[in-house]
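Novice: Could you work out the structure for the sequence below:
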Amino acid sequence: MKLDLSAGKRAGLAVRAFLKIDVTYLSYLHLSIGPHGIRFQKQTKKDGPMKSSSSVKKFFSLLHEPGASSLLLMVVIADFLFVALHLLLFKTTLLSNPLLNIEMDKGYAELFQYLKYLWIILLLSSVCLKEKAVCYVPWVVLFAYFLLDDALGLHESAGYQIGTFLSFTPPFGLRPDDIGEFLVSVSAGLIILPLIVVAYLRSTRAFRKFSHDLILLVMVLVFFGVAVDMVHMALHDHATIAFYLGVLEDGGEMLSLSLILWYAFLVLMRTQKARVYLSDLISMPFSTRASAHVSA
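Specialist: Model prediction:
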């Protein structure tokens with residue numbers, strides 16, 4: 001049943017243009033799942049009241065795939081275990097193995113991150129073959145860069161070289177190396193991002209919604225890997241604060257990469273009829289807003 005959105009058309013135009021989702025309120029909508037994701041249908045009086053919480057619960061239940069959920073549980077437990085061992089290493093005398101340091105290059109936690117990146121690359125490559133669509137290749141390239149950057153320290157080494165040419169003192173306690181590393185990361189993004197944009201513009205609606213989801217997840221990863229890292233470096237003289245910022249940075253990267261791994265496996269395993277997207281959740285307003293809309 002097609003929705004009459006004339007009253008909220010102007011307000012929802014920007015959101016619909018980006019997500020291609022008809023935005024309305026859950027308190028008088030039925031949630032249905034089609035081959036391209038979530039579709040909303042207007043609820044009539046004979047349908048009876050519908051609680052927004054039940055729609056949200058249904059949404060998350062459709063994100064559950066036994067294999068993907070089991071994988072997520074295992075890698076998240078491993079992430080928390082690495083963080084716990086890191087804290088025991090520095091805050092107690094029970095452990096002394098430096099490889100348990102989650103900030104250490106080639107430590108156990110970082111090697112586990114490499115393994116996650118490799119799994120993501122293989123899973124997205126499998127999705128590319130399954131869907132017979134080359135539009136997934138730029139995302140494979142992005143995570144291949146992330147793997148090489150982490151394993152070889154590309155942005156650190158190149159950032160150091162750039163930092164030696166900087167003739168000014170960076171603000172906020174940052175080092176020239178930090179500015180150089182940031183510039184290297186931005187440059188890599190300017191190379192890979194156009195590939196993703198071209199694939200996005202020439203692809204199907206399903207791939208675009210998939211890209212919305214990966215963009216959200218990668219933004220979380222970048223937040224911990226870049227934003228928190230910059231704050232960490234700026235406060236490196238404050239030992240206690242710097243220590244816990246380091247835990248937040250590396251622990252956040254580990255958990256966000258685990259979510260990306262889960263999502264890549266979910267995309268590979270789910271069927272055409274069971275496709276829902278994380279970005280669809282953006283179209284779900286809070287129940288208080290729904291109630292206010294209905295009462296108005």
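
Novice: use CA for all of it now, contacts and neighbours both
Specialist: Fine.

Novice: those helices in the stretch 101-250 of the chain, which residues are they?
Specialist: For the stretch 101-250 of the chain, helices defined by DSSP state H, counting those that start in this stretch occupy the ranges 108-131, 137-152, 154-163, 176-201, 205-222, 229-234, 239-269.

Novice: Which of those helices sits closest to D79?
Specialist: Nearest of the helices of the stretch 101-250 of the chain to D79, taken as CA to CA: helix 239-269 at 6.2 Å.

Novice: quick one: the closest one to helix 205-222, angle?
Specialist: Inter-element angle recorded for helix 239-269 and helix 205-222: 160 degrees (by axes from the mean of the first three to the mean of the last three CA atoms, to 10 degrees).

Novice: Show me which positions of helix 239-269 end up buried.
Specialist: 242-243, 245-269 (16 or more other CA atoms under 10 Å).

Novice: Summarise which helices and strands it is packed against.
Specialist: helix 66-91, helix 108-131, helix 205-222, helix 229-234 (3 or more CA pairs under 8 Å, 6 or more residues apart in numbering; DSSP states H and E).

Novice: Between the ones you listed, which one is closest to D280.
Specialist: Here helix 205-222 is closest among those (CA to CA), at 8.3 Å.

Novice: What residues sit buried inside that closest one?
Specialist: So helix 205-222, judged by 16+ other CA under 10 Å, has buried residues 207-214, 217-218, 220-221.

Novice: For L129, the count of nearby residues, please.
Specialist: 12 (other CA atoms under 10 Å).

Novice: Without its sequence neighbours, what residue ends up closest to C128?
Specialist: Closest residue in space to C128, ignoring its immediate chain neighbours: Y136 at 5.6 Å, by CA to CA, 6 or more residues apart in numbering.

Novice: before we move on, what about F224?
Specialist: F224 sits nearest to E249 (CA to CA, 6+ apart), 5.0 Å away.

Novice: show me what contacts the one you found?
Specialist: 224-225, 228-229, 232 (CA atoms under 8 Å, 6 or more residues apart in numbering).

Novice: Filter these down to the buried ones, ChimeraX style.
Specialist: Per 16+ other CA under 10 Å, the buried members of the contacts of E249 correspond to this ChimeraX selection:
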select :224,225,228,229,232
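
Novice: from the contacts of E249, which is closest to I120?
Specialist: For those, the nearest to I120 is G225 (17.7 Å; CA to CA).

Novice: surely the closest one meets M254?
Specialist: No. At 9.9 Å, G225 does not count as touching M254 under the criterion of CA atoms under 8 Å.

Novice: can you list the helices and strands packed on helix 239-269 in TSV and add distance to F182?
Specialist: Output for those, formatted as TSV (distance: least, CA to CA, whole Å):
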stretch	distance to F182
helix 66-91	26
helix 108-131	20
helix 205-222	11
helix 229-234	9
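
Novice: export these to TSV and tack on distance to F146 and mean pLDDT?
Specialist: Converted to TSV, these look like this (distance: least, CA to CA, whole Å; pLDDT from 0 to 100):
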stretch	distance to F146	mean pLDDT
helix 66-91	18	95
helix 108-131	8	96
helix 205-222	11	93
helix 229-234	16	78
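
Novice: mind checking which of the ones you listed is nearest L99?
Specialist: Across the helices and strands packed on helix 239-269 (criterion: CA to CA), the nearest stretch is helix 108-131, sitting at 5.8 Å.

Novice: so which of the helices and strands packed on helix 239-269 comes closest to L193?
Specialist: helix 205-222 (10.9 Å).

Novice: Can you list the helices and strands that the closest one packs against?
Specialist: Applying 3+ CA pairs under 8 Å, 6+ apart, one finds that helix 205-222 contacts helix 176-201, helix 239-269.

Novice: Turn these into CSV, including mean pLDDT and distance to L147.
Specialist: Output for the helices and strands packed on helix 205-222, formatted as CSV (pLDDT from 0 to 100; distance: least, CA to CA, whole Å):
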stretch, mean pLDDT, distance to L147
helix 176-201, 82, 13
helix 239-269, 93, 11
